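Chemist: Give me a model of this one.
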Amino acid sequence: MASFDVIADLPLEIDSCEFEGLEIVLGEFERLTTVIKLRGGGHEGIGEDVTYDAVDHIAQQSAGPPAGLAGRENFAAFSRRLDSIDLFPAAVPERDVSRDYRRWAFESAALDLALRQAGTNLAAVLGREPRPLNFVNSMRLAGFGDGERSSIEPLLARLAVYPTLRFKLDPFNDWDDELIAALVETGAVDSLDLKGFYKDTPVDVETDPELYAKLIEAFPEAWLEDPDVTEETKPLLDPVSERVTWDAPIHSIADIEAMPWSPPKTVNVKPSRFGPIRNLFAAYDYCEARGIRAYGGGQTELGPGRGQIQYLASVFHPDTPNDVAPIGYNDPARATEPGLPSSPLAPAIDDVGFRWVA
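Modeler: Okay, here's the model as predicted:
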């Protein structure tokens, strides 16, 4: 039975909706998110809008909930009804992909609410046992646009506190032989995010075939995420195509099928990028049926959304290098303090709903 079909008929009653804004400053980046709170039948369901543009959050929180959310139906009917509801009533979003992010937020809140109204939880309904969750710490070894050179010191500072921590790193064009050798020496690098699909953004990396060649040789076991496949880089990537994985371009099953060296051995299934939960669960089923390993990815969630992607990773793909580290690892000020959970995370699902309670 398809995973979505298992939750499709859950009864859902929505009476009202409220928003709660969250924010944090990470270096030069002010991150805003919005917690969606759907209420009905004496219960509250929550989700998190991970849209990246602050102006979109400010506009939503000022305007209040969109019209037409209230009603009684099953979860699938509510999801279909969202097709005709403008979730950006205050203003057109800064970027079109934000429509998927906000859709995910409303649907995850509705799913949490429906499960709570039914007195059960997502793992139980799916018939999947939550398992200890492997995660990696995603980080960049240099600042954004401030002239700061890449340094291994931030990584070593985290390893000093959490010696078993694994990393997903963003290689930058100033990575020299000395830095690469020092990173290899740590033995802690699981993934390299080459950022090949980012153009005209603060995280752009100029495609450097010489750097690609060095990384491929130096890290023979690491995943190579989102390479820029060009006439110069493809001959380097062909022999190691089983290590190539995709993140930024993956929003649907069609996107997975469109990638070079199809089908990929592994792919980042980032829940918020799929928008409707129907599409996300279809992607999980597709990968499982074809032996494609999936791993989860986050969007710098600040609230319950982080727990929800950890929940999904725990029941669908707990053993892969999931980029879903606890929130504290996203904050350089906290990531070197004792007390953060270590990988693997013990399952921490709520008895009811769609929430990770740790």
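
Chemist: quick one, what contacts the residue nearest to residue 348 when sequence neighbours are not counted?
Modeler: Excluding its sequence neighbours, the residue lying closest to residue 348 (C-beta to C-beta, 6 or more residues apart in numbering) is residue 358, at 3.7 Å. C-beta coordinates here come from the backbone N, C-alpha and C atoms, glycine included. When contacts are counted by C-beta atoms under 8 Å, 6 or more residues apart in numbering, residue 358 touches 307, 326, 341, 345, 346, 348.

Chemist: Run through the bridge partners of the fourth one.
Modeler: In this structure, residue 345 bridges to residue 133 when assessed by DSSP bridges.

Chemist: Share the number of residues neighbouring it, please.
Modeler: For residue 345, the neighbour count with other C-beta atoms under 10 Å is 23.

Chemist: contacting residues for it?
Modeler: Residue 345 sits next to 132, 133, 135, 310, 314, 326, 358 when contact means C-beta under 8 Å, 6+ apart.

Chemist: again, but for the first one
Modeler: Contact criterion C-beta under 8 Å, 6+ apart gives 348, 355, 356, 357, 358 as the residues in contact with residue 307.

Chemist: try 7 Å this time
Modeler: Contacts for residue 307 (C-beta atoms under 7 Å, 6 or more residues apart in numbering) come out as 355, 356.

Chemist: Under a three-state scheme, what state does it occupy?
Modeler: Secondary structure, DSSP: H, G, I helix; E, B strand; the rest coil: residue 307 is helix.

Chemist: and residue 107, helix, strand or coil?
Modeler: State at residue 107, reduced to three classes by three-state DSSP: helix.

Chemist: can you count the residues close to the residue nearest to it when sequence neighbours are not counted?
Modeler: For residue 107, ignoring the flanking residues on the chain, the nearest one in space by C-beta to C-beta, 6+ apart is residue 277 at 4.7 Å. If you count neighbours by other C-beta under 10 Å, residue 277 ends up with 24.

Chemist: any idea how this protein splits into domains?
Modeler: Using automatic domain parsing, the domains assigned to the chain come out as 3-125, 128-330.

Chemist: which stretch among these comes nearest residue 337?
Modeler: In terms of C-beta to C-beta, the element of the domains of the chain nearest to residue 337 is domain 128-330, at 7.2 Å.

Chemist: Pairing partners for the nearest residue to residue 109 once chain neighbours are set aside in the sheet, please.
Modeler: Nearest residue to residue 109 in three dimensions, chain neighbours excluded: residue 47, at 3.4 Å (C-beta to C-beta, 6+ apart). Here residue 47 sits in beta bridges with residue 36, going by DSSP bridges.

Chemist: same check, this time on residue 24
Modeler: With DSSP bridges as the criterion, the beta-bridge partners of residue 24 are residue 31.

Chemist: pLDDT at the nearest residue to residue 337 once chain neighbours are set aside, what is it?
Modeler: Nearest residue to residue 337, sequence neighbours excluded (C-beta to C-beta, 6+ apart): residue 161, at 7.2 Å. Reported pLDDT at residue 161 in the predicted model: 97.

Chemist: what about residue 161, how many residues close to it?
Modeler: A count of neighbours around residue 161, defined by other C-beta under 10 Å, yields 13.

Chemist: ok, now residue 212?
Modeler: Residues lying near residue 212 (other C-beta under 10 Å) number 23.

Chemist: Does it touch residue 235 like I think?
Modeler: No: Residue 212 lies out of contact with residue 235 (C-beta atoms under 7 Å); the separation is 10.2 Å.

Chemist: Would you mind writing the ChimeraX command to select the buried ones in the contacts of residue 345?
Modeler: Filtering those down to the buried ones (16 or more other C-beta atoms under 10 Å) takes a single ChimeraX command:
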select :133,135,310,314,326
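
Chemist: mind checking which helix or strand the nearest residue to residue 129 once chain neighbours are set aside is in?
Modeler: Leaving aside its sequence neighbours, residue 129 sits nearest to residue 123 (C-beta to C-beta, 6+ apart; 7.0 Å). Using DSSP states H and E, the element containing residue 123 is helix 122-126.

Chemist: For that helix, what is the distance to the chain centroid?
Modeler: Computed by C-alpha atoms, centre = their mean, to the nearest Å, the chain-centroid distance of helix 122-126 equals 21 Å.

Chemist: ok, now stretch 295-306?
Modeler: 5 Å.

Chemist: returning to that earlier point: could you measure from the residue nearest to residue 109 over to residue 306?
Modeler: Residue 47 sits 12 Å away from residue 306, going by C-beta to C-beta, to the nearest Å.

Chemist: More neighbours: these two, which one.
Modeler: More crowded of residue 47 and residue 306, by other C-beta under 10 Å: residue 47, with 28 against 22.

Chemist: right, and that one touches residue 102 too?
Modeler: No: using C-beta under 7 Å as the test, residue 47 is too far from residue 102 to be in contact (9.5 Å).

Chemist: how about the helices of the stretch 1-150 of the chain, start to end?
Modeler: Ranges of helices within the stretch 1-150 of the chain are 3-8, 54-63, 75-82, 98-118, 122-126, based on DSSP state H, counting those that start in this stretch.

Chemist: if we can go back for a sec, okay but the residue nearest to residue 337 is in contact with residue 334, surely?
Modeler: No: checked against C-beta under 7 Å, the pair residue 161 and residue 334 is beyond contact range at 10.5 Å.

Chemist: just the helices in the stretch 151-300 of the chain please.
Modeler: Using DSSP H, counting those that start in this stretch, the helices of the stretch 151-300 of the chain run over 153-161, 177-186, 209-218, 234-237, 253-258, 277-290.

Chemist: Would you mind finding the most buried of those helices?
Modeler: Across these, the average number of neighbours (mean count of other C-beta atoms under 10 Å) peaks for helix 277-290, which reaches a mean of 19.
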